[in-house]
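Novice: Could you look at this predicted model? Sequence included:
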Amino acid sequence: MAVLLAIVGAGLIAWSIWQSSMDRPSSEPLDPSASVGPAVPDSSEPTQSAATEPRGSLLVHVAGAVNKPGVVSLPLGSRVFQAIDAAGGATPEAELSGLNLAEVLSDGVKVVVPVAGEAPNAAPSPLEGSGAATGNSSGSTTKVNINTATLEELGTLPRVGPVTAQRILDWRKEHGAFASVDELDAIDGIGPKLMESLKELVTVQGG
């Protein structure tokens, strides 16, 4: 009987120990913040630095012995020969040997292609109003030969607009080559003051 009571007592003690171990949590609760890693920046956002800016352009006035004189639009960095090509190319009467065909152009310049026997413009020069005499890079002025000049070339002279330039051409067609600069006085629209200003800018050669 004593042995039976001892066995029952030992069983109760073992059961109590097992029950108390079952009541304790098996592990510490996890810290919710422990599983959160550092924020990863979103690399999928487009960058504006990859955008390509459009190329610029410039406007150049091409006149003289070309097939299509006028204003042409060219990419930045274009050269004199490209301006001539854009104006339809040089005519058979053009004299290109005096031009620097490789010179880089800037916006707003004028390129005048001379005819054979006419003094060339050494370099393009900026436009000034309705037409300024074209000068080279050293500051000297190339005179316009009124016996061979085109409408566009005459238009480069100060205060000589398209109407007066056409009257000069009409006079030359009717009377032949100018014998002297003073004969411009016979052109309607050319008064004494304009005449004086033109004497240093024009010449008569050939015809």
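Specialist: In hand now; what should we look at? None of these values were measured; they are calculated from a predicted model.
Novice: in this structure, what spans have low per-residue confidence?
Specialist: Applying pLDDT under 70 to the chain picks out residues 1-6, 8-11, 18-55, 117-141, 206-207.
Novice: Could you pick out the longest strand of it?
Specialist: Longest strand of the chain, by residue count under DSSP state E: strand 57-64.
Novice: separation between Pro192 and Ile146?
Specialist: From Pro192 over to Ile146 the distance is 18 Å, taken as CB to CB, to the nearest Å. C-betas here are computed from N, CA, C, even on glycine.
Novice: Give me the helices and strands touching the longest strand of the chain, please.
Specialist: strand 70-75, helix 80-86, strand 109-113, helix 151-154 (3 or more CB pairs under 8 Å, 6 or more residues apart in numbering; DSSP states H and E).
Novice: hey, which of those is tucked in deepest?
Specialist: Mean neighbour counts were compared across these using mean count of other CB atoms under 10 Å; the top stretch is strand 109-113, at a mean of 25.
Novice: higher neighbour count, Pro192 and Ile146?
Specialist: Legend: neighbour count by other CB atoms under 10 Å for Pro192 and Ile146, higher for Ile146 (26 against 8).
Novice: what's the distance between that one and Ala65?
Specialist: According to CB to CB, Ile146 stands 16 Å off from Ala65.
Novice: wouldn't Ser73 be in contact with Ser57 here?
Specialist: Yes: at 5.3 Å, Ser73 and Ser57 qualify as touching, with contact defined as CB atoms under 8 Å.
Novice: Spit out the residues that contact the two alike.
Specialist: Shared contacts of Ser73 and Ser57 (CB atoms under 8 Å, 6 or more residues apart in numbering): none.
Novice: How is this protein divided into domains?
Specialist: 54-129, 143-207 (automatic domain parsing).
Novice: Let's have those domains in a markdown table, adding distance to Leu12.
Specialist: Shown next, in a markdown table, are the domains of the chain (distance: least, CB to CB, whole Å):
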| stretch | distance to Leu12 |
| --- | --- |
| domain 54-129 | 93 |
| domain 143-207 | 124 |
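Novice: List the contacts of Ile146.
Specialist: With CB under 8 Å, 6+ apart, Ile146 has these contacts: 154, 168, 172, 178, 181, 184, 202-204.
Novice: Which of the residues you listed fall within helices?
Specialist: Filtering the contacts of Ile146 for membership in helices, criterion DSSP state H, returns 154, 168, 172.
Novice: Show me the helices in this protein, by range?
Specialist: Counting by DSSP H, one finds helices in the chain at the ranges 2-23, 80-86, 151-154, 162-175, 192-199.
Novice: For those, give me a markdown table that also has distance to Ala94.
Specialist: A markdown table is the format used below for these (distance: least, CB to CB, whole Å):
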| stretch | distance to Ala94 |
| --- | --- |
| helix 2-23 | 109 |
| helix 80-86 | 8 |
| helix 151-154 | 13 |
| helix 162-175 | 19 |
| helix 192-199 | 25 |
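Novice: among these, which is nearest Ala116?
Specialist: helix 151-154 (14.4 Å; CB to CB).
Novice: Out of the helices and strands packed on strand 57-64, which is closest to Leu101?
Specialist: That would be helix 80-86 among these, by CB to CB, at 4.0 Å.
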